[in-house]
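Participant: Could you look at this predicted model? Sequence included:
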Amino acid sequence: MLLQRIIVTFTLGPLGLFLIYLGGLYYFVPVFLLLLLGAMEYTQLMKRLKLRVSPWLFLPLVGVMLVDGQWPDLNLFAPLTLLAVFLPMCYALWLYERRLSETVPLDWLATAGGVLLLGGVGSYFFRVRGVPEFPIQWTMLAMLGTWIADSGAFVVGKSMGRHKLSPRLSPNKTVEGYVGGIVLGTLFTVGLSFPLGVAWLPALVLGLLASVVSPAGDLGISLLKREAGVKDSGTFLPGHGGALDRIDSLIWSVAFAYFVAILL
């Protein structure tokens, strides 16, 4: 298992950075497909939770929101956000009238929330790659900083961890590991900003934000998996779990990277 994890990491890591560098459809298509696969895994998790999230409604809504992230000049984000709530509501009303579900309010929330997460927040994978200044650099900083924070948290937690961070959701995560991940992730992001030509202060802000919030994204998906009674969201990557397992932290980091890039 560990060997598989190492092989996948050292194979897909450089490939991912190369796709970020290329941009355009070379970046959009694989990331789009990864997010759609994550959306499919989400519908399966909801099914295990006895919630009805229709893939026929869910996947197109997620897909269109991701397309808007790649081509923001379409100016569809606001109306798509409305549809992300309205159409699942209509679907929930249809389920209710036909007595097809006993959890209709939760069906509505699970569908709308999933679209806003994987489609709305997920679209920032493409929005950050399209910022006017240093798009490649900001995308790389967000992803590499998150990976270093995650790896640092694992190493520090294993060697020094004494206090559980979230005993129910993730018993292996520790407060010491979390703090270590923040420190290492932030230092790495700032250090990498110099060769990439990005100002160190915005990089510091991004490093802190990404290192602080990314574990919450991981724990959020862990909550769904634990309630669904599964260890991984899927089997997409050997040793790494599903697509949703791979993007649960990154999805928030790239969103914060976008706002740091345009505001600072």
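Facilitator: Here it is on my side, so go on. Residues are numbered from 1 along each chain as shown.
Participant: any idea how far the helix or strand where L57 lies is from the chain center?
Facilitator: Per DSSP states H and E, L57 falls inside helix 55-70. Offset of helix 55-70 from its chain centre (C-alpha atoms, centre = their mean, to the nearest Å): 15 Å.
Participant: so after that helix, what's the next helix or strand?
Facilitator: helix 77-97.
Participant: which other helices and strands contact that following helix?
Facilitator: helix 55-70, helix 104-115 (3 or more C-beta pairs under 8 Å, 6 or more residues apart in numbering; DSSP states H and E). The C-beta positions use only the backbone N, C-alpha and C, and glycine is treated the same way.
Participant: Identify whichever of those helices lies nearest to P195.
Facilitator: helix 55-70 (27.6 Å; C-beta to C-beta).
Participant: report the angle between the axes of that closest one and helix 77-97?
Facilitator: Put simply, helix 55-70 runs at 170 degrees to helix 77-97, going by axes from the mean of the first three to the mean of the last three C-alpha atoms, to 10 degrees.
Participant: What is helix 55-70 packed up against?
Facilitator: Using 3+ C-beta pairs under 8 Å, 6+ apart as the test, helix 55-70 ends up in contact with helix 24-48, helix 77-97, helix 104-115, helix 124-127.
Participant: Tell me which of those is the most buried.
Facilitator: helix 124-127 (a mean of 25; mean count of other C-beta atoms under 10 Å).
Participant: Distance from stretch 67-80 to the middle of the chain?
Facilitator: Using C-alpha atoms, centre = their mean, the offset of stretch 67-80 from its chain centre is 19 Å.
Participant: What of stretch 179-194?
Facilitator: For stretch 179-194, the distance to the chain centre is 19 Å (C-alpha atoms, centre = their mean).
Participant: now do stretch 115-123
Facilitator: Distance, centroid of stretch 115-123 to centroid of chain: 9 Å (C-alpha atoms, centre = their mean).
Participant: what is the mean pLDDT for it?
Facilitator: Average pLDDT, stretch 115-123: 97.
Participant: Just to check, D68 is in contact with A78?
Facilitator: No - using C-beta atoms under 8 Å, D68 makes no contact with A78, being 9.9 Å away.
Participant: what about the longest strand in this structure?
Facilitator: Ranked by number of residues, the top strand in the chain under DSSP state E is strand 170-174.
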